[in-house]
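> no letters, just coordinates:
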């Protein structure tokens, strides 16, 4: 039988430690040249849409929640050399605020004469989807009209999906209402991950560049701790990029369900042995003290009998809790909750565990560290025993 040579992918890795154009522009150019250069992907006059990570509600860039505007600015500077027609955007909920002004995107795009859009302003159109979960979805008209999509995720942990990378970032091309509904429709983490991969199947970016100059560890994507990784990763294969980014922070490709399923479905190469990391040596990039979210340890259950694993996961499953002294009664969490489990109790929010589906939407939108993630006491004891039994490290 003839041996099949696995298809290989290239991920460029460049070290840049500051949001300074004098460092970012040459660093990005070096990384992009290592994967063929922008001119090999983009031609003069092409409509290029830059999908940023602009998590709602809006926040200033120094919090490490959004793709930093100076990072995107460096991409724009290089794109302008190709003669592309550039649009920057995401679907964001603003509640009367100018979210792009708060994040710094409004001024940056104005300065460069680049179109900046909230995707909901241009509307969404239904598309068929031959997915594992979805058969049709609504996607942004602006994204659909683009000749080239450049995906700029922020390197962050996520309290539900473990990791936010290139695949997860494309969730923002569908309407916010549909995103909230999917959180309640697909409670099983496997189904939720397959749904995210379905969306990625419909709209696959031609280029993905991760902003890992300042990353987020712990309980991301909105309430974790910032960490200076000083790293830019770029690839034409978003799934391969996620596999490498995950590996750097201590996650195997199978630990992140979106990465695993994208690989299994042929949407990218996720086996690290078949990915060439160029620019920096992969071994030198490991963030050995990177703190993963509580959800990051689900993969520890896969070698335990199903019945026992199911019980342990139920007991160890992290839950959102309210830190009342930090609550400002902004009610963002109430609006974000898809099941009505979060309500206002006087001057603070409250969470009804009986109807909470642990989608972590409330935690994701809180900007005051008033909602945190915690395991039940009994579950923490069980989890400690499991970690000792399996020899799981403290990471």
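That came through fine. Because the structure is predicted, anything quoted here is derived from the model rather than measured. Residues are numbered from 1 along each chain as shown.

> switch to C-alpha atoms for all contacts and neighbour counts from now on
OK.

> just checking, residue 237 touches residue 12?
No - with contact defined as C-alpha atoms under 8 Å, residue 237 does not reach residue 12; the gap is 10.9 Å.

> the two: who's more crowded?
Higher neighbour count among residue 237 and residue 12: residue 12, with 26 against 21, using other C-alpha atoms under 10 Å.

> is the more buried one in a helix, a strand, or coil?
Secondary structure of residue 12, reduced to three states by DSSP: H, G, I helix; E, B strand; the rest coil: strand.

> and for residue 59, nearest residue in space, chain neighbours not counted?
residue 103 (5.6 Å; C-alpha to C-alpha, 6 or more residues apart in numbering).

> the one you found reaches residue 69, doesn't it?
Yes - counting by C-alpha under 8 Å, residue 69 is a contact partner of residue 103 at 7.4 Å.

> overlap of the contact sets of those two?
residue 61 (C-alpha atoms under 8 Å, 6 or more residues apart in numbering).

> how about the strands in the stretch 1-150 of the chain?
Here the stretch 1-150 of the chain has its strands, by DSSP state E, counting those that start in this stretch, at 9-15, 47-52, 85-90, 115-118, 124-128, 136-140, 148-152.

> any chance of the ones you listed in JSON lines, with distance to residue 77 too?
Below are those laid out as JSON lines (distance: least, C-alpha to C-alpha, whole Å):
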{"stretch": "strand 9-15", "distance to residue 77": "18"}
{"stretch": "strand 47-52", "distance to residue 77": "13"}
{"stretch": "strand 85-90", "distance to residue 77": "11"}
{"stretch": "strand 115-118", "distance to residue 77": "14"}
{"stretch": "strand 124-128", "distance to residue 77": "29"}
{"stretch": "strand 136-140", "distance to residue 77": "25"}
{"stretch": "strand 148-152", "distance to residue 77": "14"}
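
> quick check, residue 119 in contact with residue 142.
Yes - using C-alpha under 8 Å, residue 119 is in contact with residue 142, at 7.1 Å.

> the residue nearest the centre of the chain bridge partners, please.
Nearest residue to the geometric centre of the chain (C-alpha atoms, centre = their mean): residue 164, 2.4 Å. For residue 164, the beta-bridge partners are residue 156 (DSSP bridges).

> show me this structure divided up by domain.
9-285, 294-390 (automatic domain parsing).

> can you list the ones you listed in JSON lines and add mean pLDDT?
Output for the domains of the chain, formatted as JSON lines (pLDDT from 0 to 100):
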{"stretch": "domain 9-285", "mean pLDDT": "95"}
{"stretch": "domain 294-390", "mean pLDDT": "74"}
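
> just these: most buried one?
Highest mean neighbour count of the domains of the chain: domain 9-285, a mean of 20 (counted as mean count of other C-alpha atoms under 10 Å).

> got the end-to-end distance for that one?
Here the two ends of domain 9-285 are set 18 Å apart, with distance taken as C-alpha to C-alpha, to the nearest Å.

> all helices of the stretch 101-250 of the chain, in order?
105-112, 141-145, 166-169, 176-185, 189-202, 238-248 (DSSP state H, counting those that start in this stretch).

> thinking again about what came up before, correct me, but the residue nearest to the centre of the chain touches residue 156?
Yes - contact criterion C-alpha under 8 Å: residue 164 and residue 156 qualify, at 5.4 Å.

> tell me, what's touching these two both at once?
Residues touching both residue 164 and residue 156 (C-alpha under 8 Å, 6+ apart) are residue 221.

> which residues does residue 280 contact?
Here residue 280 is in contact with 12-15 (criterion: C-alpha under 8 Å, 6+ apart).

> would you turn these into TSV with distance to residue 50?
Rendered in TSV, the data for the contacts of residue 280 read as follows (distance: C-alpha to C-alpha, whole Å):
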residue	distance to residue 50
12	19
13	20
14	20
15	22
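
> of all those, which two lie farthest apart?
Pairwise distances across the contacts of residue 280 peak at 10.3 Å for 12 and 15 (criterion: C-alpha to C-alpha).

> which neighbours do the two share?
Joint contacts of residue 12 and residue 15 (C-alpha under 8 Å, 6+ apart) are 232, 280.

> I'd assumed residue 124 was in contact with residue 140.
Yes - at 4.4 Å, residue 140 counts as touching residue 124 under the criterion of C-alpha under 8 Å.

> next, show the common contact partners of the two.
Joint contacts of residue 140 and residue 124 (C-alpha under 8 Å, 6+ apart) are 174-175.

> what are the pairing partners of the host helix or strand of residue 321, and which direction each?
In this assignment (DSSP states H and E), residue 321 forms part of strand 319-322. Pairing partners of strand 319-322, with direction, according to DSSP bridges: strand 371-374 (antiparallel).

> re the thing from before, residue 38: which of the strands of the stretch 1-150 of the chain is closest?
strand 148-152 (10.7 Å).

> and the closest one with strand 47-52, angle?
Interaxial angle, strand 148-152 versus strand 47-52 (axes from the mean of the first three to the mean of the last three C-alpha atoms, to 10 degrees): 20 degrees.

> and strand 148-152, what other elements does it pack with?
strand 47-52, helix 166-169, strand 207-217 (3 or more C-alpha pairs under 8 Å, 6 or more residues apart in numbering; DSSP states H and E).

> noted, bye for now.
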